[in-house]
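Visitor: no sequence on hand, only this structure:
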């Protein structure tokens with residue numbers, strides 16, 4: 001099956017063989033199983049992959065060999081491991097490919113549209129603010145602490161000399177995690193539950209009052 005045929009099938013969301021004569025629900029289930037079996041991406045991502053492989057072949061060949069444990073661009077493409085290949089490309093660190101993309105407005109627009117569409121399709125939660133955890137290091141943490149200390153010192157000097165109308169600088173961004181936020185909320189709820197239990201035992205008349 002040619003690449004164009006695969007892209008057409010992904011675009012239309014079914015295998016497109018009239019001879020199958022299957023009910024719609026069974027045809028849809030067959031399509032889903034086919035996509036899962038061959039580990040194919042969405043039509044939008046497949047189009048983007050075809051675009052970048054054709055446009056940045058040399059840079060991707062080098063970067064995948066160096067940054068992706070010797071991955072072979074041609075072999076992955078011929079084996080149609082397209083979702084896996086696109087995942088490798090999207091997670092490449094600073095590289096020749098990243099430089100080429102940064103100078104290509106057409107691809108930048110396509111990538112932005114794909115990211116927005118993926119977030120809308122998955123109804124994803126708001127991403128944590130701050131730098132990503134995978135790029136945060138002890139050295140960066142020390143630097144952030146130093147920046148905050150200098151900013152606080154500048155603000156204290158300004159205020160001690162009669163300065164007005166200036167707010168202190170926001171803390172330097174740190175990585176955040178939805179797991180950390182959820183843990184804090186769970187701990188708060190636990191303490192509230194313990195507090196209410198103590199009130200119910202020690203001050204039953206207070207516990208009976210509406211919140």
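Guide: That came in fine, so what should we check first? This one's a predicted model, so the numbers in the text were calculated from it and none came from an experiment. Numbers count the residues shown, from 1 in each chain.
Visitor: contacting residues around the closest residue to residue 140 other than its chain neighbours?
Guide: Ranked by CB to CB, 6 or more residues apart in numbering and with sequence neighbours excluded, the top spatial neighbour of residue 140 is residue 131, at 7.5 Å. The way it works is simple: take the backbone N, C-alpha and C, and place the C-beta from them, glycine included. For residue 131, the contact set (CB atoms under 8 Å, 6 or more residues apart in numbering) comprises 140, 173, 174, 175.
Visitor: nearest to residue 82, of those residues?
Guide: Comparing the contacts of residue 131 against residue 82 with CB to CB places residue 175 closest, at 31.0 Å.
Visitor: the closest one: how many residues sit nearby?
Guide: 16 (other CB atoms under 10 Å).
Visitor: same deal with residue 183?
Guide: Other residues within reach of residue 183, judged by other CB under 10 Å, total 11.
Visitor: name the element it belongs to?
Guide: Secondary-structure element containing residue 183, defined by DSSP states H and E: helix 178-202.
Visitor: what packs against that helix?
Guide: In terms of contact count using 3 or more CB pairs under 8 Å, 6 or more residues apart in numbering; DSSP states H and E, helix 178-202 is assigned the packing partners helix 204-207.
Visitor: on that earlier part again, buried subset of the contacts of residue 131?
Guide: residue 175 (16 or more other CB atoms under 10 Å).
Visitor: of the contacts of residue 131, which belong to helices?
Guide: Secondary structure assignment (DSSP state H) places residue 140 from the contacts of residue 131 within helices.
Visitor: closest one of the contacts of residue 131 to residue 32?
Guide: Scanning these for proximity to residue 32, where the rule is CB to CB, the winner is residue 175, at 35.8 Å.
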